[in-house]
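Visitor: Got a sequence here, can you build the structure:
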Amino acid sequence: MKKKYIFNFIIGFSLLTIQMMFGQTTTWTGSAWDNGDPNITSDAIVLSGTCNITSNTSFKSITVQADAILNIDNAATITVQDNIQVLGTGQLIMNNNTSLLQNNSSAVNTGNIKYRRNTTPMRQFEYTYWGSPVVAQVLNVFSPLTLSDKFYSYNASVGVNNWVLENQANVMTPGKGYAIRAPQGYTATPQVFNGEFVGVPNNGNIPASVAGFNPMLLNYNFLANPYPSAISVITLLDNSNLGTLYFWTHNSAITNNVFTSSDYAIRTRTTGTAAVTGGTAPGLYITAGQGFFASAATTTTINFTNAMRVAGNNLQFYRNTQDVPLNYYVHLNLTNTLGAFKQIAFGYQEDATNGYDFGSDALASTEGVIRFYSLIDSFSVGFGIQARAYPWLISDVIPLGYTTTEAGTFDIAIDHFDTFFADKDIFLEDTSNGTFHNLKNSAFTFTTTIGTFDSRFKIHYQDISLSNDDFVGNENSVYVFKNDNQPKIVSTKSNITGVVVYDMLGRIVLSKDKINTSEIVLYELTRNNQALIIKTTLENNVTVAKKFVF
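Guide: Coordinates of the predicted model:
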């Protein structure tokens, strides 16, 4: 019995090994797979009828025979190790939000698939930015009701830097972006355009030429995701010389035959900001069929690769993956009651500096009634996203600026922040009157005249209202000194209600509240010969910060 068991085990193991080495075939016969559901070792043949795939499924290869249909739906991802063949009148249909991944970048596909992509609702005269996930897609075959002179690409070369009218009969180049207007007959009522790409699915290395970015020209490259799956923003930026990505939202209706560039949402490697006209900030993925603008460090050829492709994450239509650098951001909104809106982000990133960092810092939008931005020393332009050096220092100061063509009342408020800032105050200094406002507590409301104001506002992480005489009096009445080798705080004017001690990275070392005395000894602190910030809150709600080495 023992020998027989060992013999059967060896035979079974050998058969499994052969199947793993050479794969196995499973055939869809019209109602079921004849050799079990496909997997990454299965050569799948769709012989007849319609096979519906509604959940993530893997294949070694796919062959769709004439008259058979393989239909992918329900945002499913199919992963294919090797090649795909669609023969004769056979069909492989990828419905909206589905994904096709291929592991072997050298696999050669034959036969056409149909890749369907639905836009966000479009109005008459509006454009969507597209890119083809298949080979040999003709522009006017993709959108036959778009007028012949309403297909555009963009030439970012220094001598051109302008839109280029595309012949409607041109074939879409993979990796290249195209602006295509809504079909003739669309009205002011938004409606979805159901796009369908037909062709051999793109796979493997896809080259694209880019022009080096000139901040004075703003010559962004018009690119597109070339695959029938989403791609990772991080992997794309890590393996190319691209810096900042811009996504057209077409939130705004056309006015007097003119669009607004306020509809661009911005994405860097670590964060994104919403368009001036609102909506959501771009996430970590670029969906199939999506065109976008990008800045490039130099004029060169970049390569899209299979390593950038990801399963799922194909819903937000507008080198190998590496870890995202440690980063923490605050997003601020500037608004008024008439609908003006600007969003900026600033934060701290382990590979950033306090100077300009290509790929982490992004220029602010120049459109709209009001511009809002942070400033970097020696740069005359404003930034919509600014990454600063990490580790973070509680003493850091970030200048903010704004330009407005409309006088009136505006609000600056926190939209959201990473949990790193959950225990940290975020103060807005208004240098026009020396006040400090904690944005964690409420929005800051101010009035302004028309003009540019690059020195009015600053972000702080501690209230240092040194220009306020009352505060100076309170600050001079709070003392921090050593008492029997322990830090002691004494207030000569008001009782102390709370104390928070930070190290120079902004981490809370000690926190005490409900004190209600004029002096306190911090026995809980451990001596470590380090610089600390001791923030003392008085009963009159004044906060005094003192540097102390202990």
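Visitor: Show me how far whichever strand or helix holds H331 is from its chain's centre.
Guide: Taking DSSP states H and E as the criterion, the element that holds H331 is strand 327-335. Centroid separation between strand 327-335 and its chain, computed with CA atoms, centre = their mean, to the nearest Å, is 14 Å.
Visitor: Contacts made by it with the rest, please.
Guide: 270-271, 273, 281, 340-350, 352, 370, 372, 387, 390, 392, 402, 410-418, 420-421, 426, 439 (CB atoms under 8 Å, 6 or more residues apart in numbering). To be clear about C-beta, it is placed using only N, CA and C from the backbone, and glycine gets the same treatment.
Visitor: Can you flag the buried ones in those?
Guide: Buried members of those, scored by 16 or more other CB atoms under 10 Å, are 270-271, 273, 281, 340-349, 352, 370, 372, 387, 390, 392, 402, 410, 412, 414, 417, 420-421, 426, 439.
Visitor: In strands, which of these fall?
Guide: 273, 341-349, 370, 372, 387, 402, 410, 412, 414, 417 (DSSP state E).
Visitor: who touches the helix or strand where T301 lies?
Guide: Assigned by DSSP H and E, T301 belongs to strand 300-304. With CB under 8 Å, 6+ apart as the contact definition, strand 300-304 has outside contacts at 174-175, 205-210, 212, 225-227, 231, 236, 239-242, 296.
Visitor: Which among those residues count as buried?
Guide: Using 16+ other CB under 10 Å, the buried ones in the contacts of strand 300-304 are 174-175, 206, 208-210, 212, 225-227, 231, 236, 239-242, 296.
Visitor: mind listing which of the residues you listed are in strands?
Guide: Per DSSP E, the buried ones among the contacts of strand 300-304 map to strands at I206, A208, S209, V210, I231, L242, A296.
Visitor: from those residues, which two are the most distant?
Guide: Pairwise distances across these (CB to CB) peak at 18.1 Å, for the pair S209 and I231.
Visitor: pLDDT below threshold where in the chain?
Guide: Counting by pLDDT under 70, the chain has low-confidence residues at 1-23, 249-263, 275-279, 313-325, 367, 466-475.
Visitor: Helices of that one, start to end?
Guide: Assigned by DSSP state H, the chain shows helices spanning 2-22, 139-142, 233-238, 469-476.
Visitor: chain center to the third one, what's the gap?
Guide: Think helix 233-238. On CA atoms, centre = their mean, the centre of helix 233-238 falls 11 Å from that of its chain.
Visitor: Which strands or helices does it pack on?
Guide: If you count contacts as 3 or more CB pairs under 8 Å, 6 or more residues apart in numbering; DSSP states H and E, helix 233-238 packs onto strand 242-248, strand 285-286.
Visitor: Just say which of those is most tucked in.
Guide: Compared across these, strand 285-286 shows the largest average neighbour count, a mean of 26 (mean count of other CB atoms under 10 Å).
Visitor: other SSEs contacting it?
Guide: Strand 285-286 packs on strand 230-232, helix 233-238, going by 3+ CB pairs under 8 Å, 6+ apart.
Visitor: now the angle between strand 341-349 and the strand holding H331, please.
Guide: Orientation check (axes from the mean of the first three to the mean of the last three CA atoms, to 10 degrees): strand 327-335 against strand 341-349 gives 160 degrees.
Visitor: who's in contact with the closest residue to S494 other than its chain neighbours?
Guide: Leaving aside its sequence neighbours, S494 sits nearest to L538 (CB to CB, 6 or more residues apart in numbering; 4.0 Å). Neighbouring residues of L538 by CB under 8 Å, 6+ apart: N474, V478, S491, K493, S494, N495, I496, T497, V544.
Visitor: Give me the buried subset of those.
Guide: For the contacts of L538, buried by 16+ other CB under 10 Å: N474, V478, S491, S494, I496, T497, V544.
Visitor: could you redo those as JSON lines and give each row distance to L101?
Guide: Below are these laid out as JSON lines (distance: CB to CB, whole Å):
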{"residue": "N474", "distance to L101": "62"}
{"residue": "V478", "distance to L101": "62"}
{"residue": "S491", "distance to L101": "64"}
{"residue": "S494", "distance to L101": "64"}
{"residue": "I496", "distance to L101": "61"}
{"residue": "T497", "distance to L101": "58"}
{"residue": "V544", "distance to L101": "58"}
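Visitor: So which of those residues sit within strands?
Guide: Judged by DSSP E, the subset of those located in strands is V478, S491, I496, T497, V544.
Visitor: Next, format those residues as JSON lines and append distance to Y356.
Guide: Formatted as JSON lines, those follow (distance: CB to CB, whole Å):
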{"residue": "V478", "distance to Y356": "39"}
{"residue": "S491", "distance to Y356": "43"}
{"residue": "I496", "distance to Y356": "43"}
{"residue": "T497", "distance to Y356": "42"}
{"residue": "V544", "distance to Y356": "35"}
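Visitor: nearest to N95, of those?
Guide: T497 (61.0 Å).
Visitor: Now do that closest one against Q486, distance only.
Guide: Note on T497: its distance to Q486, by CB to CB, to the nearest Å, is 20 Å.
Visitor: try Y220
Guide: From Y220 over to Q486 the distance is 58 Å, taken as CB to CB.
Visitor: one step back: what pairs with the strand holding T301, parallel or antiparallel?
Guide: strand 206-210 (antiparallel) (DSSP bridges).
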